[in-house]
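Peer 1: Any chance you could fold what I've pasted below:
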Amino acid sequence: MYKALAPGCIGFNKSFKEAAGPMAKHGYEGFWFSIESDSQIDVSETRELLAQNNLCAAGFSLPVEFRKDDASYLRDMEKLPAYVRYAEAIGADRCATWIMPFSEVHTYEENFIIHKSRLKPIAELFNDHGILLGLEFVGSPNLRKMGKYRFINDLAGMLDLCHAIRTDNCGLLLDLWHWDMAGQTREDFSKIDKPDRIALVHINDAPADVKHEDQVDGVRTLPGETGVLKTEEFFNGLKSLGYKGPVMPEPFEKRLQSMTFDEALETVMTSINKVWPE
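Peer 2: This next block holds a predicted model:
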């Protein structure tokens, strides 16, 4: 496992070019790309910046709107091959996105078919370029209650979708918050058949003065800050699988935005080191 970062996950809109130097200064080892904007930099320049700052291209967020209408999906799919070629050229072999846990329109079965049909061509394209697709289940109690119809909100459901897509490179984004909120335990790691089923890991913590059922997605704390989430157990599960990929903070901690980017990087890295396994 290694320490990576997407600046947006700590509240900063910073390009790779802006963030690379400060991140390296504070010990981050991988950068998570916003491929639509970061791919405006020439491939050779990106490679050079990665090498200069001893960073790896940890991966990129999926630049396809698959949750809405067909027109949006098809428009983004036309652009995707160029982004994939760029990602492959800079060594980014992972991509991730999230799945909404409800729908106002589609039943579980209908929604499952839609997600399968839209994500399968993406996974197949990625497979041709050696890229792993990670899908995140959203287990937040407040979001599970929303919408007319429930959808995937736990590990079992997401594994079902991965297996239905039927490509070897379709896997998981595991977020400590959603893992804990969905009621997953250390034993659940045994349901994940291989370490490269996991594309990305997010770590964070939860407010200490809020009941489990009242926790709200988007209101979180820095990793290890409160001890509400079972961080050590989560890391032990990852280690038992032999996971070697990127681990990124996603605290949604508003006070970071009152800091400079440099101060926030230092604060977040201190919190990561606090919980990082030996």
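
Peer 1: ok now do Leu49, which residues does it touch?
Peer 2: 16-17, 20, 41, 55 (Cβ atoms under 8 Å, 6 or more residues apart in numbering). Glycine gets a C-beta too; all of them are placed from N, C-alpha and C.

Peer 1: show me where the stretch 151-278 of the chain has helices.
Peer 2: 155-165, 176-181, 231-241, 261-275 (DSSP state H, counting those that start in this stretch).

Peer 1: Let me know which of these is the nearest to Ala199.
Peer 2: Nearest to Ala199, of all the helices of the stretch 151-278 of the chain, is helix 155-165, at 10.6 Å by Cβ to Cβ.

Peer 1: Quick one: distance of the closest one to the chain centre.
Peer 2: 16 Å (Cα atoms, centre = their mean, to the nearest Å).

Peer 1: could I have it exported to CSV, CA atoms only?
Peer 2: This file holds the C-alpha atoms of helix 155-165, laid out as CSV (Å, rounded to 0.1, in the frame of the first residue of the first chain):
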residue,chain,number,x,y,z
LEU,A,155,-20.0,-5.1,-0.5
ALA,A,156,-22.2,-8.1,-1.5
GLY,A,157,-24.2,-6.0,-4.0
MET,A,158,-21.2,-4.5,-5.5
LEU,A,159,-19.4,-7.8,-6.0
ASP,A,160,-22.6,-9.1,-7.7
LEU,A,161,-22.4,-6.2,-10.2
CYS,A,162,-18.6,-6.8,-10.8
HIS,A,163,-19.3,-10.5,-11.5
ALA,A,164,-22.2,-9.6,-13.8
ILE,A,165,-20.0,-7.3,-15.8
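
Peer 1: Let me see the mean pLDDT of it.
Peer 2: Mean pLDDT, helix 155-165: 97.

Peer 1: Outside of the helix or strand bottoming out on mean pLDDT in the chain itself, list whatever touches it.
Peer 2: None of the helices or strands of the chain scores lower by mean pLDDT, DSSP states H and E than helix 141-144, at a mean of 83. Contacts to helix 141-144, defined as Cβ under 8 Å, 6+ apart, come from residues 100-102, 138, 150, 153, 181, 212-217.

Peer 1: hmm, back to that, buried ones among the contacts of Leu49?
Peer 2: 16, 20, 41, 55 (16 or more other Cβ atoms under 10 Å).

Peer 1: Pipe those residues into CSV and attach distance to Leu132, secondary structure and pLDDT per row.
Peer 2: Output for the buried ones among the contacts of Leu49, formatted as CSV (distance: Cβ to Cβ, whole Å; DSSP: H, G, I helix; E, B strand; the rest coil; pLDDT from 0 to 100):
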residue, distance to Leu132, secondary structure, pLDDT
Phe16, 20, helix, 98
Ala20, 23, helix, 98
Ile41, 23, coil, 96
Leu55, 19, coil, 98
